[in-house]
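In: requesting a structural model of the entry that follows:
(one chain, ligands or ions: 3)
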Amino acid sequence: MADPKSTFLEVYSVLKSDLLQDPAFEFTDESRQWLERMLDYNVCGGKLNRGLSVVDSYKLLKKGQDLTDKEIFLSSALGWCIEWLQAYFLVLDDIMDNSVTRRGQPCWYRKPQVGMVAINDGILLRNHIHRILKMHFRGMPYYVDLIDLFNEVEFQTACGQMIDQITTFVGEKDLSKYSLQIHRRIVQYKTAYYSFYLPVACALLMAGENLENHTDVKNVLVDMGIYFQVQDDYLDCFADPETLGKIGTDIEDFKCSWLVVKALERCNEEQTKILYENYGKPQPSNIAKVKSLYKELDLEGAFMEYEKETYEKLTKLIEAHQSKAIQAVLKSFLGKIYKRQK
Ligand code: GPP
Ligand code: MG
Ligand code: MG
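Out: Ligands and ions are numbered 1, 2, ... in the order given. Purely as a prediction, here's the structure:
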């Protein structure tokens with residue numbers, strides 16, 4: 001048997017070729033080439049964790065029974081819909097965050113000849129999700145629930161992105177409004193639903209489950225998603241950009257990052273002044289002052305402590321779940337992100 005990742009990648013080729021021949025549009029060679037390049041650049045090249053975890057979760061829900069070829073194809077296609085969703089979000093997020101690199105290469109909008117065409121590419125990526133769903137799931141009893149799920153999660157993410165964006169530039173730049181509570185609200189919406197709840201919810205729907213019976217699973221996954229974004233905030237400042245594949249911009253973007261919230265908790269009067277004077281400014285000297293303050297406040301230690309506590313708390317929550325299959329799904333997710341370096 002081929003390894004799961006290569007099977008998953010084969011499904012990408014099928015979906016891409018469907019989309020490049022979509023009968024709803026008369027493609028020219030030029031437009032077909034643009035689309036193919038855009039998809040290869042933005043949909044592939046990530047860790048594919050979200051997508052692959054739909055297949056993994058579905059397998060675990062089937063309690064080790066061998067999946068049929070059709071089940072492998074369909075769970076992979078749903079996994080790819082999440083990767084398409086992620087590509088759509090990232091293409092647009094990088095414009096909004098003025099980012100430079102993503103997944104070890106220039107952000108799509110920074111490529112010559114792309115620029116603001118990237119906005120339309122984001123819209124196309126979004127539309128592809130529903131074209132894939134229509135093409136492969138229209139006859140399924142859970143089709144309507146799938147569409148509803150993708151719509152709900154997209155809405156939650158866009159609301160999260162809205163509060164992420166408006167906290168950084170509405171009115172005066174004012175650090176005193178940043179707190180752990182506001183941080184939690186932003187990351188719950190902008191990251192947790194689409195990155196953690198969505199893959200498991202897709203697998204549950206395919207397994208014939210009613211999502212209304214699984215709010216406990218959703219709650220654990222949302223907590224896990226918050227932990228994942230705290231890691232993202234930490235890595236934005238402390239990881240090697242080479243390993244991470246992207247250059248952090250949170251300090252100059254005045255982001256309500258977990259690090260700045262923790263720093264505010266730990267600062268004395270003099271340090272608070274340094275933070276207020278330098279946070280959210282683009283010059284390298286300002287950024288360097290914030291980074292050296294973070295070191296002085298031992299935010300690396302604070303993060304390690306948070307990571308340990310969170311891992312223990314999540315493990316307890318998972319072990320309290322009545323279903324062993326669902327415990328296995330949740331444990332596999334947690335195992336994949338615990339102490340991640342990228
Ligand atoms: C990334 O957060 C946020 C998203 C992917 C959601 C975007 C939603 C839209 C509706 C466009 P981030 O900016 O902290 O992540 P990164 O560090 O990867 O840029
Ligand atoms: Mg962002
Ligand atoms: Mg960003």
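In: alpha carbons only for contacts and neighbour counts from here, please
Out: Will do.
In: please enumerate the helices of the stretch 201-342 of the chain.
Out: Taking DSSP state H, counting those that start in this stretch as the test, the helices found in the stretch 201-342 of the chain are 215-238, 241-244, 258-266, 269-278, 284-296, 299-319, 324-337.
In: buried stuff in the first one?
Out: It stands for helix 215-238. Of the residues in helix 215-238, those buried under the neighbour-count criterion (16 or more other C-alpha atoms under 10 Å) are 217-218, 220-238.
In: so for it, mean pLDDT?
Out: For helix 215-238, the mean per-residue pLDDT is 97.
In: list the contacts of it.
Out: Contact with helix 215-238 is made by 184, 187-188, 191-193, 195-197, 244, 247-250, 257-259, 291, 303, 307, 310, 314, 317-318, 326, 330, 334, 337, 340-342, as judged by C-alpha atoms under 8 Å, 6 or more residues apart in numbering.
In: stretch 192-204 and ligand 1 in contact?
Out: No: in terms of C-alpha under 6 Å from any ligand atom, no part of stretch 192-204 sits within range of ligand 1; the closest distance is 8.7 Å.
In: for that stretch, measure first residue to last.
Out: 17 Å (C-alpha to C-alpha, to the nearest Å).
In: can you count the residues close to S285?
Out: Residues within reach of S285, counting by other C-alpha atoms under 10 Å, total 11.
In: run through the residues of the protein sitting next to ligand 1.
Out: Where the chain comes near ligand 1, counting by C-alpha under 6 Å from any ligand atom, the residues are F89, L90, L92, D93, T157, A158, Q161, K190.
In: could you rerun that using 8 Å?
Out: Taking C-alpha under 8 Å from any ligand atom as the test, the list of the chain residues beside ligand 1 reads 86, 88-94, 96-97, 99, 102, 154-155, 157-162, 187, 190-191, 229, 232-233, 236, 246, 248-250.
In: go through these and flag which are in strands.
Out: Here DSSP state E is the test, and the residues of the chain next to ligand 1 give R102 as lying in strands.
In: ok, the most centrally placed residue in the chain - contacts?
Out: Note on the chain: the residue nearest the mean C-alpha position is S195, at 4.5 Å, using C-alpha atoms, centre = their mean. Contacts of S195 were listed using C-alpha under 8 Å, 6+ apart, and they are R50, G225.
In: could you check how far it is from E270?
Out: For S195, the distance to E270 equals 39 Å [C-alpha to C-alpha].
In: same deal with L299?
Out: When C-alpha to C-alpha is the yardstick, L299 and E270 sit 17 Å from each other.
In: if you count what's nearby, which of the two comes out ahead?
Out: Between L299 and E270, counted using other C-alpha under 10 Å, the more crowded position is L299 (21 against 8).
In: that one: what's it in contact with?
Out: L299 sits next to L259, K262, A263 when contact means C-alpha under 8 Å, 6+ apart.
In: any weak-confidence spans in the stretch 51-200 of the chain?
Out: In the predicted model of the stretch 51-200 of the chain, residues 170-171 satisfy pLDDT under 70.
In: please redo it, this time with the cut-off set to 90
Out: Along the stretch 51-200 of the chain, the model assigns pLDDT under 90 to residues 63-65, 167-174.
In: do a quick rundown of the strands in it.
Out: In the stretch 51-200 of the chain, the strands defined using DSSP state E, counting those that start in this stretch lie at 101-102, 105-106.
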